[in-house]
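Q: Sequence first, then the predicted structure:
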Amino acid sequence: MQRPLPPLWLLVLITFSGTVAMHIFVPALPQAALSLKAAPGPIQLTISLYILGLAVGQPIYGPLSDSYGRRPVLMVGLALFTLGGLLSLWAPDVRLLAAARFVQALGGCAGLVLGRAIVRDSSGMTQSVRRLAMINLITMIGPGLAPLLGQTVTDWLGWRFIFVLLIGLGLLNLLLTWRILPETSQPSGQFHPGKLKRDYGQLLSSRPYLALAIGGGCATTSIYAFLASAPFIFVQEMHRPPHEVALYLGLLVAGLSLGNALASRLIGRVSVEHLMLRANALSLASAAVLLAVLLAGQLHWWLVLALLLVFNVGAGMTSPAALTRTLSVHPGLVGSAAGLYGAIQMVVGALCTAAVGLGHDPALAMASVLVVASTLSQLGFRDALRTPPP
């Protein structure tokens with residue numbers, strides 16, 4: 001059946017809204033803490049609970065959209081995102097603000113899950129890789145610029161005005177989804193907890209799906225290990241000025257963007273499977289060289305940065321290929337598969353962030369985590385491709 005092709009710009013808009021809402025509020029934390037008379041720990045919960053909301057919500061939206069359709073479930077999520085913004089705008093204390101941010105994240109993650117599912121519904125394998133690569137490429141710009149926008153808004157209009165912008169974004173997305181977005185799935189019309197258990201039971205018992213999902217998470221969100229340790233590596237170990245760290249993180253985003261752009265170009269020339277394996281092998285090779293360089297005591301900031309840039313180019317190419325291949329394992333459970341994939345990414349990212357804090361040398365710990373994660377990705381991908389399809 002020929003299915004309608006949703007506008008790419010609309011999928012970008014609904015996909016990046018959830019992550020932009022997290023990054024835009026980070027610069028406002030000090031002013032919000034002062035305004036609400038809160039200590040640093042409680043105000044940081046507004047970020048922690050937002051991440052938790054992203055992780056908790058993603059596995060829920062997938063099965064709901066398989067049962068009731070992508071479009072209506074997405075509209076519910078966008079309405080919840082807007083409601084969370086309203087509650088955040090009027091929150092009188094930090095506890096209610098943290099709770100409101102959790103609600104906002106539960107709504108915002110609908111776009112993360114369903115944007116991916118809609119692409120897979122309406123496109124073939126090759127076209128899905130191209131469209132997912134382009135969505136990833138464009139949506140990276142949002143989180144990259146969000147802190148700068150958040151700082152500007154906070155300085156000029158106050159921290160609460162950030163939520164005015166997010167409320168406006170939620171309403172715009174809701175209106176555009178209602179007026180423009182077609183339904184791309186064939187919903188069953190039935191949902192009950194037993195179905196949820198069966199769907200996720202089927203995915204969690206599927207060796208190819210788990211191997212691909214865990215491999216995809218290790219290939220992409222393992223870079224959180226660098227994000228968590230970057231200030232310690234460059235400022236404390238390499239004695240670089242603190243303001244340079246933001247430039248290095250921007251270069252990291254540029255590497256991921258370049259990888260996504262290359263994936264979009266290469267997918268017509270190589271298969272999804274070959275792109276996934278070879279791109280991840282590039283990340284693994286750069287991580288291994290980085291670890292060897294650090295073990296040899298050659299701690300040069302430009303060399304570390306260059307190798308991390310190569311790692312991220314590989315991760316950027318791997319991401320859309322791995323996601324497309326993962327969502328193709330069980331065609332009847334695309335929504336559930338997308339939601340579980342997103343949750344697995346969050347778990348892998350959290351584990352990599354925690355693991356990098358275990359060592360006494362942040363740079364060595366970070367490189368070790370990247371090598372282990374990339375190796376697990378390569379093993380997972382190869383195992384999945386050897387396993388017969390269900």
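A: The structure has been received and is ready for your questions. Residues are numbered from 1 along each chain as shown.
Q: just the strands in the protein please.
A: Along the chain, no stretch is classed among the strands by DSSP state E.
Q: Could you chop it up by domain?
A: The chain breaks down by automatic domain parsing into domains covering 8-191, 198-386.
Q: Could you dump the ones you listed into a markdown table with mean pLDDT and mean neighbour count added?
A: In short, each C-beta sits where N, CA and C put it, glycine included. Formatted as a markdown table, these follow (pLDDT from 0 to 100; neighbours: other CB atoms under 10 Å):
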| stretch | mean pLDDT | mean neighbour count |
| --- | --- | --- |
| domain 8-191 | 85 | 20 |
| domain 198-386 | 85 | 20 |
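Q: how far away is the closest residue to residue 18 other than its chain neighbours from residue 114?
A: Nearest residue to residue 18, sequence neighbours excluded (CB to CB, 6 or more residues apart in numbering): residue 108, at 3.0 Å. Noted for residue 108: a distance of 11 Å to residue 114, by CB to CB, to the nearest Å.
Q: Between the two, which contacts overlap?
A: residue 77 (CB atoms under 8 Å, 6 or more residues apart in numbering).
Q: got a list of what residue 358 touches?
A: residue 365.
Q: what does residue 332 give?
A: Residues near residue 332 by CB under 8 Å, 6+ apart: residue 66.
Q: if you set the cut-off to 10 Å instead, what comes out?
A: Contacts for residue 332 (CB atoms under 10 Å, 6 or more residues apart in numbering) come out as 66, 186, 188, 199, 202.
Q: Same question for residue 59.
A: With contacts taken as CB under 10 Å, 6+ apart, residue 59 has the following neighbours: 109, 113, 196, 199-200, 203, 336, 338-344.
Q: any idea how far it is from residue 342?
A: Residue 59 sits 8 Å away from residue 342, going by CB to CB.
Q: Now do the shared contacts for those two.
A: Each of 109, 113 lies in contact with both residue 59 and residue 342 under the rule CB under 10 Å, 6+ apart.
Q: one step back: would you agree the residue nearest to residue 18 is in contact with residue 25?
A: No: under the criterion of CB atoms under 10 Å, residue 108 makes no contact with residue 25, lying 11.9 Å away.
Q: so what sits against both of these two?
A: By CB under 10 Å, 6+ apart, the residues touching both residue 108 and residue 25 are 50, 101, 166.
Q: how about residue 58, what does it touch?
A: Residue 58 sits next to 18, 106, 109-110, 112-114, 116, 338-346 when contact means CB under 10 Å, 6+ apart.
Q: ok, the nearest residue to residue 128 once chain neighbours are set aside - contacts?
A: Leaving aside its sequence neighbours, residue 128 sits nearest to residue 324 (CB to CB, 6+ apart; 4.5 Å). With contact taken as CB under 10 Å, 6+ apart, residue 324 is in contact with 116, 119-120, 123-133, 212, 216, 263, 267, 272, 275-276.
Q: swap in residue 116?
A: 11, 15, 58, 62, 128, 131-132, 135-136, 320, 323-324, 326-327, 334-335, 337-339, 341-342.
Q: again with residue 130
A: Contacts for residue 130 (CB under 10 Å, 6+ apart) come out as 8, 119, 123, 124, 263, 264, 265, 266, 267, 268, 320, 324.
Q: can you check residue 341 too?
A: Taking CB under 10 Å, 6+ apart as the contact definition, residue 341 lies against 58-59, 62, 113, 116-117, 203, 209, 212-214, 216-217, 322-323, 326-327.
Q: State the distance from residue 368 to residue 223.
A: Residue 368 is 14 Å from residue 223, by CB to CB.
Q: ok, now residue 288?
A: Counting by CB to CB, the gap from residue 288 to residue 223 is 16 Å.
Q: do the same with residue 11
A: 23 Å.
Q: Residue 377 too?
A: Applying CB to CB, the value for residue 377 to residue 223 is 12 Å.
Q: Same question for residue 16.
A: According to CB to CB, residue 16 and residue 223 sit 18 Å apart.
Q: What of residue 229?
A: Distance of residue 229 to residue 223, computed by CB to CB: 11 Å.
Q: now do residue 101
A: Going from residue 101 to residue 223 by CB to CB gives 24 Å.
Q: One more: residue 184?
A: From residue 184 across to residue 223, the span is 30 Å (CB to CB).
Q: what's the answer for residue 240, then?
A: Residue 240 is 19 Å from residue 223, by CB to CB.
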